[in-house]
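K.L.:
Turn this into a model:
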Amino acid sequence: MAAFGFFRLGRLLLAVTATSLTGPALAKAPELPQTAPVPQFNQEATPPSPADIPVPEPRPADAPEAEPPQNEQPQNGQPQNGQPKTQQPEPPAIAPQPPEKPAQAEPPASPPAAPPNPAEADKKTEQEILPDPRSAAIAGKEMPAEELACRRRLKSMGVDFEERKPEHDTAVGCSIPYPVVLKTLGKSIAIGPETELNCQMAEAAARFAASVIQPAAKAAFGTDIKSIGQASAFVCRPRHAGGKLSEHAFGNALDIASFTLSDGKEIDVGPTPPQKDAEFLDAVRKAACGPFKTVLGPGSDADHSLHLHFDLEPRRNGGTFCQ
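P.N.:
Got it, this is the predicted structure:
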């Protein structure tokens, strides 16, 4: 017990001695703040609190609103220099539109077109026809040697014909300087009605009748051809399709519509003849491609559905057109 008391007395004396030594020194030293401010670098300034921002005085209601200076206009909707965003007038909801243009009145209906004048149509067709060098051919004072030779050959085949005055139409372009009118295509085959052709076409028709038509009739029907009915010879006109003069305009074409046999049987050209007649017509038609440069008939087009068309139209390299 005595030792414990002595230990407590010693601690008390040490505490009193320390207090007496350090007390004056501590009393003279200035107080230091508990924490020192730490400088901040590259940090944004702390925005002022709403309490520190001065509130502008309210302006009179009738005072004009002052526009902010050009350098203080808000950008991206954010206030500049700590000033509040100046309210801009809102644009009108809908931009004014110009007045609509009044609808134009529909033009009055045009009067119905007048029916075409046939004379005007013919005149227009004539103007659209391509020129043909044969249109310039006119008769001379004397008949050329080739025309005289052609007539001698017709007579040698027994063809009955007569001379005709020159045909020439300067407005359309039709021309046959030295025409002939056939009455027969040999000694036994008549042709009618009156058949006006140039001499070359007349000779080709007579030779074809004697060498092809007559033998074909004999083989098919056992009898001869008595006469041939023609549908067209010389006619001053353009082609039905237009654009060029017809070969008929130069007496260079012959259309055959029928054949009459010696026993009186008549064979008409058409789209659906009897079988025996059809065989005869087909044989004549096929054989004509060569002696004639153009051969047309039923099935070629509507214009040739009731006759066979033969002509001597000059073609390149002596070619033919057969349908």
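K.L.:
can you list the residues that contact the host helix or strand of residue 295?
P.N.:
Residue 295 is located in strand 294-296, with elements delineated by DSSP states H and E. By C-beta atoms under 8 Å, 6 or more residues apart in numbering, the residues outside strand 294-296 that reach it are 247, 253, 285, 288-289, 304, 308-311, 313, 320-323. Quick note: C-beta positions are derived from backbone N, CA and C, even for glycine.
K.L.:
Of those residues, which belong to strands?
P.N.:
Counting by DSSP state E, these place 253, 308, 309, 310, 311, 321, 322 in strands.
K.L.:
give me the beta-bridge partners of the first one?
P.N.:
It stands for residue 253. When bridges are called by DSSP bridges, residue 253 pairs up with residue 311.
K.L.:
What of the last one?
P.N.:
For residue 322, the beta-bridge partners are residue 295 (DSSP bridges).
K.L.:
which intervals of the stretch 1-150 of the chain have sub-threshold pLDDT?
P.N.:
The model of the stretch 1-150 of the chain has pLDDT under 70 over residues 1-129.
K.L.:
Please name the residues that touch residue 259.
P.N.:
So residue 259 contacts 213, 217, 225, 227, 228, 229, 266, 267, 280 (C-beta under 8 Å, 6+ apart).
K.L.:
Let me know the closest of those to residue 185.
P.N.:
residue 228 (6.6 Å; C-beta to C-beta).
K.L.:
Shouldn't the closest one be within a strand?
P.N.:
Yes: using DSSP: H, G, I helix; E, B strand; the rest coil, the assignment for residue 228 is a strand.
K.L.:
how many neighbours does the spatially closest residue to it that is not a sequence neighbour have?
P.N.:
Closest residue to residue 228 apart from its sequence neighbours, by C-beta to C-beta, 6 or more residues apart in numbering: residue 191 at 4.8 Å. Residue 191 has 24 neighbours, counted by other C-beta atoms under 10 Å.
K.L.:
you'd agree residue 191 is up against residue 182?
P.N.:
Yes: under the criterion of C-beta atoms under 8 Å, residue 191 makes contact with residue 182 at 5.5 Å.
K.L.:
Please enumerate the shared neighbours of those two.
P.N.:
Joint contacts of residue 191 and residue 182 (C-beta under 8 Å, 6+ apart) are residue 205.
K.L.:
quick one on the thing from earlier: nearest to residue 162 among the contacts of strand 294-296?
P.N.:
For these, the nearest to residue 162 is residue 253 (19.9 Å; C-beta to C-beta).
K.L.:
Next, find the distance separating that closest one from residue 286.
P.N.:
Using C-beta to C-beta, to the nearest Å, we find residue 253 at a distance of 19 Å from residue 286.
K.L.:
Now the buried members of the ones in strands among the contacts of strand 294-296.
P.N.:
Taking 16 or more other C-beta atoms under 10 Å as the criterion, what is buried in the ones in strands among the contacts of strand 294-296 is 253, 308, 309, 310, 311.
K.L.:
Give me the contacts around the host helix or strand of residue 152.
P.N.:
Per DSSP H and E: residue 152 is located in helix 145-156. Defining contact as C-beta under 8 Å, 6+ apart, one finds that helix 145-156 is touched by 161, 178, 180, 199, 200, 202, 203, 206.
K.L.:
burial measure for the closest residue to the fourth one other than its chain neighbours, as a count.
P.N.:
In other words, residue 199. Nearest residue to residue 199, sequence neighbours excluded (C-beta to C-beta, 6+ apart): residue 150, at 3.9 Å. Look at residue 150: counted by other C-beta under 10 Å, it has 18 neighbours.
K.L.:
what are the ranges of the helices in the stretch 151-300 of the chain?
P.N.:
199-208, 214-221, 275-288 (DSSP state H, counting those that start in this stretch).
K.L.:
which one of the ones you listed lies closest to residue 235?
P.N.:
Closest of the helices of the stretch 151-300 of the chain to residue 235 is helix 199-208, at 13.1 Å (criterion: C-beta to C-beta).
K.L.:
Buried ones in that closest one, by neighbour count?
P.N.:
Using 16+ other C-beta under 10 Å as the test for burial, helix 199-208 gives 199, 201, 202, 203, 204, 205, 206, 207, 208.
K.L.:
can you check stretch 137-157 too?
P.N.:
137, 139, 147, 150, 151, 154.
K.L.:
Quick check: end-to-end length of it?
P.N.:
For stretch 137-157, the first-to-last residue distance is 28 Å (C-alpha to C-alpha, to the nearest Å).
K.L.:
rewinding a little: quick one, which of the helices of the stretch 151-300 of the chain gets closest to residue 168.
P.N.:
helix 199-208 (16.1 Å).
K.L.:
Show the contacting residues for residue 292.
P.N.:
By C-beta under 8 Å, 6+ apart, the neighbours of residue 292 are 204, 208, 310, 311, 312, 320.
K.L.:
Now with 10 Å, please.
P.N.:
Contacts for residue 292 (C-beta atoms under 10 Å, 6 or more residues apart in numbering) come out as 201, 204-205, 208, 253-254, 308-313, 320-322.
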